[in-house]
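Chemist: Structure of the sequence below:
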Amino acid sequence: MINPYPFFGFSPDTLDYALFRPNSGVFDENTKLSYTNMLDGQLDAVFSAMKLLGFSDIEIAIAETGWPSQGEPSQLGVDAGSAAQYNRNLMQHVTSGAGTPLMPNRTFETYIFGLFNEDLKPGPISERNFGLFRPDMTPVYNIGILRAKAKSSIPTNPVPGTSGCAGAEVEALQRNIDYVCGLEVELCKPIQEGGACFLPNTVRAHASFAMNAYYQGTEKNDYDCDFKQTAAVSNVDPSYGNCKY
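Modeler: All right, here's what the predicted structure looks like:
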């Protein structure tokens, strides 16, 4: 049982490699094999070390791995969207039967760290935010494992609404989009290409829709529409054409 964490091994140049995103890959000069993600590299490093000791027939299980959804403002790739992407891609990869370059055609018993955020845990912010759920049992994001009943509080068709973001920086608004879409992919379908709210194709317009969808899916408290002071509650319905807020 091993604990491979690409999160603790990535650099700005290898973020895509760590998150299973399309990347140029890594070529191992020793084995002459190419790697498309960091998790496979970490698993095969353990396999190689065990093989040198004469234990090549021991089944490897992933006792824990994960990615934080929140951290220090300066931390790259630490947000709900990245965490959702890592865990969703992880789940697909370890169950696909593809295995790794040195262990092909295998699946790996895998445990995600963790089920809940640990709000009382000491240390860096990221250490408290590895969970799929908050301490109040609401989901931080959905990686496709929630039952329909658990998702029912998050609407897929937002109603007339509330988000204003005229003065916010584009970078902050993009983070808001990534956060909401990481929580529930269905929320963002209208602002994806071909969706009713895709045009105008601007970060500001897409953020307005995404933040409103989040607000409508919560208890409509003002703090649910704050987004670190990049949004505001409004009584004006911004719906247009077939795009309904």
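
Chemist: give the contact list for the residue lying farthest from the centre of the chain.
Modeler: Distance from the C-alpha centroid of the chain peaks at Gly54, with 37.9 Å (CA atoms, centre = their mean). Residues in contact with Gly54 (CB atoms under 8 Å, 6 or more residues apart in numbering): none are found. Glycine gets a C-beta too; all of them are placed from N, C-alpha and C.

Chemist: Outline the domain layout of the protein.
Modeler: Structural domains annotated on the chain: 1-152, 153-245, as defined by automatic domain parsing.

Chemist: So the most centrally placed residue in the chain: helix, strand or coil?
Modeler: With distances taken as CA atoms, centre = their mean, the residue of the chain nearest its centroid is Ala84 (2.0 Å). Secondary structure state of Ala84, per DSSP: H, G, I helix; E, B strand; the rest coil, is helix.

Chemist: Tell me the predicted confidence for it.
Modeler: At Ala84, the pLDDT value in this model is 93.

Chemist: and what of the one 4 residues further on?
Modeler: In this model, Arg88 is scored at 93, pLDDT.

Chemist: returning to that earlier point: the domains of the chain: lowest mean pLDDT?
Modeler: Lowest mean pLDDT within the domains of the chain: domain 153-245, a mean of 77.

Chemist: before we move on, back to that, deepest of the domains of the chain, which one?
Modeler: Highest mean neighbour count of the domains of the chain: domain 153-245, a mean of 17 (counted as mean count of other CB atoms under 10 Å).

Chemist: now it: how far from the chain's centre is it?
Modeler: 18 Å (CA atoms, centre = their mean, to the nearest Å).

Chemist: Gly182 is in contact with the residue nearest to the centre of the chain, correct?
Modeler: Yes: counting by CB atoms under 8 Å, a contact exists between Ala84 and Gly182, whose distance comes to 3.9 Å.

Chemist: Can you pull the residues that touch both of those two?
Modeler: Ser69, Tyr141.

Chemist: now Gly99, which residues is it bridged with?
Modeler: Taking DSSP bridges as the rule, Gly99 bridges to Pro104.

Chemist: Now for it: which residues touch it?
Modeler: So Gly99 contacts Asn105, Arg106, Thr107 (CB under 8 Å, 6+ apart).

Chemist: Once you drop chain neighbours, what's closest to the second one?
Modeler: Meaning Arg106. Spatial nearest neighbour of Arg106, chain neighbours left out: Gly99 (3.7 Å); criterion: CB to CB, 6 or more residues apart in numbering.

Chemist: Roughly how far does that neighbour sit from Ser234?
Modeler: Look at Gly99 and Ser234: by CB to CB, to the nearest Å, they are 52 Å apart.

Chemist: now Phe227
Modeler: According to CB to CB, Phe227 and Ser234 sit 14 Å apart.
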